[in-house]
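Trainee: the following block contains a protein sequence and its predicted model.
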2 protein chains.
Amino acid sequence: MGTDMANKAVVLVSGGLDSATVLALAREQNLACYALTFDYGQRHRIELDAAHRVAKLLGAADHRTVQLDIGWMGGSALTDRDIPVPDVPSGGIPVTYVPARNTVFLATALGWAEVLGAQDIFIGANAVDYSGYPDCRPEFIQAFEKLANLATRAGVEGRPFHIHAPLMHMRKAEIIRTGVRLGVDFSLTLSCYDPDLDGLACGSCDACRLRRQGFVEAGVADPTRYRR
Amino acid sequence: MGTDMANKAVVLVSGGLDSATVLALAREQNLACYALTFDYGQRHRIELDAAHRVAKLLGAADHRTVQLDIGWMGGSALTDRDIPVPDVPSGGIPVTYVPARNTVFLATALGWAEVLGAQDIFIGANAVDYSGYPDCRPEFIQAFEKLANLATRAGVEGRPFHIHAPLMHMRKAEIIRTGVRLGVDFSLTLSCYDPDLDGLACGSCDACRLRRQGFVEAGVADPTRYRR
C-alpha cells in the first residue's frame, strides 16, 4: 500500500525512547506517519538529530522540525540554563517541567493534521514510569481531544480527531519490550535531559534513571552510551 | 500601583482592532499586562509592527513576539501565498482560517502565564461580527480553560487559570465604541488580511469589510487608510 492510499497520522517525535516506540506502533497500523519535532530551545538539542534518525529509520512519510522560540520564557530546567537539571527526583512536579509544553505540541500537531487531512495524532505521554508532569495524564489527553474537535473545521464538520497515547499505562520496561518487538533501534534514541555535545547521556537525571531501570526490568541490553 | 503589586495577565495582541480593545479592557482592571504576539508567517506581517505600537501605547508591562514557524504547513490564505485572500465572504468557514491557530496561541500564552505567575489570559475572540472561525466560539474558550487547568502545575496546585474573551458577544460597533471610551488610537491598528507594504488596507477582504461597517455603525470616524 502506497502512502497515498494509507490513512495519515501526525506523530510527535522527540528523539527519545517513548516517542520512537509510539511511531513504531503507528507504523504497525499501516498509517502514513508525519513526524513532528519541536526545537524550543531545549538544553538537550542533540535530541533533534535523534528525532530525525528515528523518523527516517521507522519509515515516516515526512518529518518536520518546528522552530518555536519560547526559551526566553524560562521557568524550566530544560530551557533555562540558570536552573540546573537535578540528579535526584524532587517529589511533586519537577523543575524539568516545561510550562504547557504538551499543550503547545499537540496544538501544533492538530494544525498540521487538519492541513494533511489526518484524523489521528499520536503522543508518547505516559503516566506510570514518568516524571510527574500534569500534561502527561489521561485526563489531559481526553480534554485535548475534546478541545480539538471544537477548535477545528474538521471537528465541526464531522471528521473528528483522535488523540492516541498508546504508552499511557505501560511501564518503561513494557515500552522497551514493545519497541524491541517492532524493530526500534534504541541506540538511535536519546532520553537524557543533559547530554554532552557527543550525545553521551549523563546517567543520573530523572530521564536517564527511568530509562536505565526500564532496560534492566525488560531484560534487554541497554545500548545507551552513558558518561557515568 | 506599580507593576510589582498588580496582578499579572497575558494578553494576546495581534495588532488588530479587537485585541487592542481587549488590552485596554485588561488595563482598565489595573492588571499588569504581558502582551504576546505571534510571527507565524502570516501574509499581513506588518501587523507585527502595529502590535508593538499598540502594546507600548496602552502601557503593557512587556511585549514579546514569538517566532512560530508553521508557514510550511500551508492550508490557509493567511499563510500560503498560493491561496488568494477572497474579496467576498464565502459562507461557512473561510479560506483565511488558520488551522488550530487560537489553540496554539492560547497554549503558548498559557506557558508564559504559568512562568509569570499570572492566572488571567485575555483573547479578542468574537462570535458576532466575525469570520466564522470555530476557534472563536464560547465553547472553544470554555474547553481551553478546562484543558489549561489540567495541563499545568498551577492548575493542579489550585491556582486556576481564567481565559477571558470580553468581546465574545459584542458587535463590531460596540467594540469600537468601547475602544474609543478607553482611549485606543485605532489608527495604530491594522485589521486587513492583505495590506500593502505601506500598511494600507485593501478595503475589501472580510476583515476590512467588518471593520468598515463597524465604524459606520458606531458613528465613529474611521481612521483606517484604505487603498480603495
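Mentor: Received the coordinates, thanks.
Trainee: which secondary element of chain A has the worst mean pLDDT?
Mentor: The weakest-scoring helix or strand in chain A, judged by mean pLDDT, DSSP states H and E, is helix A:153-156 (a mean of 89).
Trainee: send me it as CSV with only the CA atoms.
Mentor: Output in CSV follows, covering the C-alpha atoms of helix A:153-156 (Å, rounded to 0.1, in the frame of the first residue of the first chain):
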residue,chain,number,x,y,z
ARG,A,153,-13.0,23.0,10.8
ALA,A,154,-12.6,19.2,10.6
GLY,A,155,-14.0,18.7,14.1
VAL,A,156,-17.0,21.0,13.4
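Trainee: next secondary structure after it?
Mentor: strand A:162-164 (DSSP states H and E).
Trainee: that next one near chain B at all?
Mentor: No - Strand A:162-164 is not in contact with chain B by Cβ under 8 Å from any Cβ of the partner chain; minimum separation 11.5 Å. Bear in mind the C-beta positions are built from the backbone N, C-alpha and C, glycine included.
Trainee: which residues sit against that strand?
Mentor: By Cβ atoms under 8 Å, 6 or more residues apart in numbering or on different chains, the surrounding residues in contact with strand A:162-164 are A:9, A:26, A:106, A:119-123, A:141, A:144-145, A:148.
Trainee: and the helix ranked longest in chain A, what does it pack against?
Mentor: As assigned by DSSP state H, the longest helix anywhere in chain A is helix A:101-116. Under the contact criterion of 3 or more Cβ pairs under 8 Å, 6 or more residues apart in numbering or on different chains; DSSP states H and E, helix A:101-116 touches strand A:8-12, strand A:32-39, strand A:120-122, helix A:138-151, helix A:153-156, helix B:101-116, helix B:138-151.
Trainee: confidence-wise, which of those is weakest overall?
Mentor: Least confidently modelled of those is helix A:153-156, at a mean of 89 by mean pLDDT.
Trainee: same for that helix, what does it pack against?
Mentor: Counting by 3+ Cβ pairs under 8 Å, 6+ apart, helix A:153-156 packs on helix A:101-116, helix A:138-151.
Trainee: in chain A, where is pLDDT below threshold?
Mentor: Where chain A drops to pLDDT under 70, the residues are A:1-5, A:43-44, A:77-78, A:81, A:85, A:87-93, A:96, A:130-131.
Trainee: hang on, isn't residue A:129 packed against residue A:211?
Mentor: No - with contact defined as Cβ atoms under 8 Å, residue A:129 and residue A:211 do not form a contacting pair (9.2 Å).
Trainee: would you mind telling me which of those two has the busier surroundings?
Mentor: More crowded of residue A:129 and residue A:211, by other Cβ atoms under 10 Å in any protein chain shown: residue A:211, with 28 against 19.
Trainee: before we move on, the earlier item: need the helices and strands packed on helix A:153-156 in CSV (columns: distance to residue A:14 and mean neighbour count).
Mentor: As requested, the helices and strands packed on helix A:153-156 are arranged in CSV below (distance: least, Cβ to Cβ, whole Å; neighbours: other Cβ atoms under 10 Å in any protein chain shown):
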stretch, distance to residue A:14, mean neighbour count
helix A:101-116, 9, 26
helix A:138-151, 16, 22
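Trainee: could you pull up phi and psi at residue A:119?
Mentor: When quoted as degrees, to the nearest 10, the phi and psi of residue A:119 stand at phi -110, psi 0.
Trainee: name the nearest residue to it, sequence neighbours excluded.
Mentor: residue A:161 (5.5 Å; Cβ to Cβ, 6 or more residues apart in numbering or on different chains).
Trainee: so who does that neighbour touch?
Mentor: A:110, A:113, A:119-121, A:145, A:148-149, A:152, A:154-155 are the contacts of residue A:161 under Cβ under 8 Å, 6+ apart.
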